[in-house]
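1. using only what follows, build the 3D model:
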Amino acid sequence: MIKMTIIELFFLGLPFAIFIAYRTFLVRHKKMDGDGYSPVPYHKLFVIGGLLSLLVFVFLAFSNEKITDQKYVPAHMESGELIPGGFVDREPN
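-> Numbering: from 1, shown residues only. From the prediction side, this is the model:
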């Protein structure tokens, strides 16, 4: 779950990182010209980041391995020991 959160935050922040790098490049090269530059388009950056995150989420949802021939067994106690939950093979009918 934390892996998915990190991936989502990365792709949400990617447009901002690209914009900051671009803005830094412009500022360094425009100091000699004295030209101004437009304000930061935050709404466009949020929309682009959100769309990137959505596309990555959909891609990861369809590319992950599907577990169809297994069933989930929750964690339980057996003989005083905690048995962790997990997926086990289904019993043949």
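2. switch to C-alpha atoms for all contacts and neighbour counts from now on
-> Noted.
3. just for the protein, where's the confidence low?
-> Along the chain, segments meeting pLDDT under 70 span 1, 31-40, 64-68, 93.
4. kindly list the longest helix within it.
-> Assignment by DSSP state H gives helix 2-30 as the longest helix of the chain.
5. that one packs against which elements?
-> Applying 3 or more CA pairs under 8 Å, 6 or more residues apart in numbering; DSSP states H and E, we find helix 2-30 packed against helix 42-63.
6. buried residues in the helix it packs on?
-> If you call a residue buried by 16 or more other CA atoms under 10 Å, then helix 42-63 has these buried ones: 45, 48-50, 52-53, 57.
7. who's sitting farthest from the centroid in the protein?
-> Ranked by distance from the centre of the chain (CA atoms, centre = their mean), the top residue is Ser79, with 40.8 Å.
8. I'd like the distance between Ile6 and Val56.
-> 12 Å (CA to CA, to the nearest Å).
9. got it, and Ile7?
-> 8 Å.
10. on that earlier part again, residues in contact with the residue farthest from the centre of the chain?
-> Listed by CA atoms under 8 Å, 6 or more residues apart in numbering, the contact set of Ser79 is empty.
11. and for Gln70?
-> Taking CA under 8 Å, 6+ apart, we find Gln70 in contact with 87-90.
12. if you drop the residues flanking it in sequence, what lies closest to it?
-> Asp89 (4.5 Å; CA to CA, 6 or more residues apart in numbering).
13. can I assume Leu82 sits in a strand?
-> Yes. Counting by DSSP: H, G, I helix; E, B strand; the rest coil, Leu82 falls inside a strand.
14. thinking it is in contact with Pro74, fair?
-> No. Using CA atoms under 8 Å, Leu82 is not in contact with Pro74; the gap is 10.7 Å.
15. residues making contact with stretch 12-26?
-> Stretch 12-26 has contacts (CA under 8 Å, 6+ apart) with 45-46, 48-50, 52-53.
16. at 6 Å instead, please
-> For stretch 12-26, the external contacting residues (CA atoms under 6 Å, 6 or more residues apart in numbering) are 45, 49-50, 53.
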